[in-house]
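In: Build me a structure from this.
(chains A and B)
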Amino acid sequence: MSDRVEVLKTYKTYVGGNFPRTESGRYYKVYDGDDNILANACQCSRKDVRDAVVAARDAVEDWSSRSAYNRGQILYRIAEMLETRKAQFVDELETIGYKSKEAKAEVEAAVDRLIYYAGWSDKYQQVFGSINPVASSHFNFSMPEPMGVVNIWAPEESPLLGLVSVMAPVIVGGNSCIILASEKYPLSAVSFAEVLNSSDVPGGVVNILTGFRDELLEHMTTHMDVNAFFYTDTGISQEDRKQIDENGALNLKRVIRKPVEDWEAEDTQSPYFITDFQETKTTWHPVGF
Amino acid sequence: MADFTQTVPIDQVGIEERVARLNKRSIKKESKVQALKLALSMVDLTTLAGMDTPGKVRQLCQKAKEPYAGLPELPQVAAVCVYPNMVNVARKALRGTNINIASVATSFPSGMSTLESKLEETRRVVEDGADEVDMVISRGEFLKGNYEYVYDEIASVKEACGEAHLKVILETGELQTYENVRKASDLAMEAGADFIKTSTGKVKPAATQPVTLVMLEAIRDYFYETGRMVGMKPAGGIRKAKQAIQYLVLVRETLGTDWLTPDYFRFGASSLANDLLMQIVKQKTGVYQSADYFSND
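Out: Below is the predicted model:
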């Protein structure tokens, strides 16, 4: 059977719990570490972003109303699924130039990061919520609540650990998100969608698109139904950053920029990544009547 | 009265393929804006829930008068559609406008009551100020083959309506076949309906495009036969602007432009209006909109 033809995977997008191709019918070439063509990835368009936002918006209500405990369980489940597919991800990282030790370290760090945020799921509200002293007969308390739909540019380098590190704090807080995968290394992101799809994450909570940042910048930052925009790359031009801020101002999107060089560093995981995508709600509850 | 025991055969595959083909029409840019505005002017803004209150109806009437404060030049909707006990409220809220008041009647949505009480209800809503009456047919009698009963019922309600326009709801979701839809359409038109309407919105499936096409063809054939133009109102399940435009294409291709006015075509819907508004604003600003910035009713 030496003349067997290898069956190659078609890399598609992940929207609303399904794996559709891009609506535009356009693809771009993805290369390995030695400039050989690895695969065609979807070059997503404005309409793919629109569809993903619809899916994410539909998912928010159910996801944000689940118990913190349940969201933690599901994040833990993603970690379990990733752990069992470690070999596949190590393989994929090696094809794009990782040394085998580095690849293993990146996948393991990604699993650990999921566990880290799973642990925070039922704690961040305790830590960041407060009971406030007021000078009237009210019980006054503040709680962080999810913002809604978050658009994310996954880090350009670190295609798996970076992706997990930007996704986990957003969804553990009850938000849904649309992630634009690393432009140069999008394949791990699409494979990671398969992990999400088999870990009880409701469809639409995480949506993963592939394509060009230049093309999608406008559409991902102007959409009025998106509540926050999150990016971490260090190399984004001043002009683009200005554009992102201006577009975000249209509906007062919260724009969070966290330039990170090394995703394995200890300070790239923090509960403050969760509260970046939370809105504080303060309640005045009358007492003493 | 025509012989309704005879069945007009409907080519199911043909109907569905024609709908699929027409749905491929691409309506863009200025034509899209025109279509969206036209669709907005054809909406019967509807609230038919057991928990309706006068406040909710007044809110809806406000929305009918001024769909979106940011664009005052937009057309108003065609009518507001409410339950009989809310007609008075709607009349006061809409005084001085051209917006019609439509009321469902005849024991909506089931139609399971006596003819006397249906006629009484019809007279009452017209007296209260309804310009349009949306009646339901007795589906049980129709499916039994008791066509004469259904015909007489529609004709008596039409008489009770007086000047008010009569829309006849066939409740196609309960009629089982396209042949029955066609037969009920023919029967309603012959009995005097000014509009035929697909559904109450309380039964699934509600309006579908194939059913609408069958009814539009019935309207066309009736027009060729008698010269009388009967209106069409798909209702229930039309939530997106894109669907609305697809319906307009069906009308244009089946009946021509004469029917593309609120006088002869309506959408029965509650959430469609907001989606139309969001798309109109999208076309104007180039930015996708959020339901957060459009009033709920």
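In: any idea which element residue 88 lies in?
Out: No chain in the question, so chain A it is. Assignment of secondary structure by DSSP states H and E places residue A:88 within helix A:86-95.
In: right idea, wrong chain: chain B
Out: helix B:87-93.
In: so what's the residue sitting nearest the centre point of chain A up against?
Out: Centroid check for chain A by C-alpha atoms, centre = their mean gives residue A:167 as the closest residue, at 2.7 Å. Taking C-beta atoms under 8 Å, 6 or more residues apart in numbering or on different chains as the criterion, residue A:167 is in contact with A:152, A:154, A:177, A:179, A:206. Every C-beta, even on glycine, is put in place using the N, C-alpha and C of the backbone.
In: helices or strands up against the very next helix or strand once past the helix holding residue A:88?
Out: Counting by DSSP H and E, the element after helix A:86-95 in chain order, helix or strand, is helix A:100-120. For helix A:100-120, the elements it packs on are helix A:68-84, helix A:86-95, helix A:161-172, helix A:271-275, judged by 3 or more C-beta pairs under 8 Å, 6 or more residues apart in numbering or on different chains; DSSP states H and E.
In: so of those, which one's packed in deepest?
Out: Burial among those, expressed as mean neighbours by mean count of other C-beta atoms under 10 Å in any protein chain shown, is greatest for helix A:161-172, which shows a mean of 26.
In: could you give the mean pLDDT of it?
Out: For helix A:161-172, the mean per-residue pLDDT is 98.
In: what would the helices and strands packed on helix A:100-120 look like in CSV with distance to residue B:129?
Out: As requested, the helices and strands packed on helix A:100-120 are arranged in CSV below (distance: least, C-beta to C-beta, whole Å):
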stretch, distance to residue B:129
helix A:68-84, 52
helix A:86-95, 69
helix A:161-172, 53
helix A:271-275, 55
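In: just to revisit the earlier point, just the C-alpha atoms of the helix holding residue A:88, please, in CSV.
Out: The C-alpha coordinates for helix A:86-95 follow below in CSV (Å, rounded to 0.1, in the frame of the first residue of the first chain):
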residue,chain,number,x,y,z
LYS,A,86,-1.2,17.1,22.3
ALA,A,87,0.6,15.1,19.6
GLN,A,88,-1.4,16.6,16.8
PHE,A,89,-0.7,20.2,17.9
VAL,A,90,3.0,19.5,18.6
ASP,A,91,3.1,18.1,15.0
GLU,A,92,1.5,21.1,13.6
LEU,A,93,3.8,23.5,15.4
GLU,A,94,6.8,21.6,14.2
THR,A,95,5.8,21.9,10.6
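In: Need the nearest residue in space to whichever residue of chain A sits closest to chain B, chain neighbours excluded.
Out: Of all residues in chain A, the one sitting closest to chain B is residue A:225 (3.6 Å; C-beta to the nearest C-beta). Of all residues beyond its chain neighbours, the one nearest residue A:225 is residue B:290 (3.6 Å), with distances taken as C-beta to C-beta, 6 or more residues apart in numbering or on different chains.
In: Give me the neighbour count for that neighbour.
Out: Each residue near residue B:290 was counted by other C-beta atoms under 10 Å in any protein chain shown, and the total is 18.
In: Kindly report the same for residue A:50.
Out: 16.
In: do the same with the one 5 residues further on
Out: The local packing of residue A:55 (other C-beta under 10 Å) involves 22 other residues.
In: Now that it has come up, it's in contact with residue A:13, right?
Out: No: under the criterion of C-beta atoms under 8 Å, residue A:55 lies out of contact with residue A:13, with a separation of 10.8 Å.
In: between those two, what contacts are shared?
Out: Shared between the contact lists of residue A:55 and residue A:13 (criterion: C-beta under 8 Å, 6+ apart) are residues residue A:207.
In: How about the residues of the stretch 101-250 of chain A by chain B?
Out: Within the stretch 101-250 of chain A, the positions adjacent to chain B are A:219, A:222, A:223, A:224, A:225, A:250 by C-beta under 8 Å from any C-beta of the partner chain.
In: Just put those residues in a markdown table and tack on pLDDT and secondary structure.
Out: Rendered in a markdown table, the data for those read as follows (pLDDT from 0 to 100; DSSP: H, G, I helix; E, B strand; the rest coil):
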| residue | pLDDT | secondary structure |
| --- | --- | --- |
| A:219 | 97 | helix |
| A:222 | 97 | helix |
| A:223 | 97 | coil |
| A:224 | 97 | coil |
| A:225 | 97 | coil |
| A:250 | 95 | coil |
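In: Can you select the buried ones among those residues for me in ChimeraX?
Out: What follows is the ChimeraX syntax for the buried subset of these, where burial is set by 16 or more other C-beta atoms under 10 Å in any protein chain shown:
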select /A:219,222,223,224,225
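In: May I have the residues that are in contact with residue 31?
Out: Using chain A here. Residue A:31 is in contact with A:37, A:38, counting by C-beta under 8 Å, 6+ apart.
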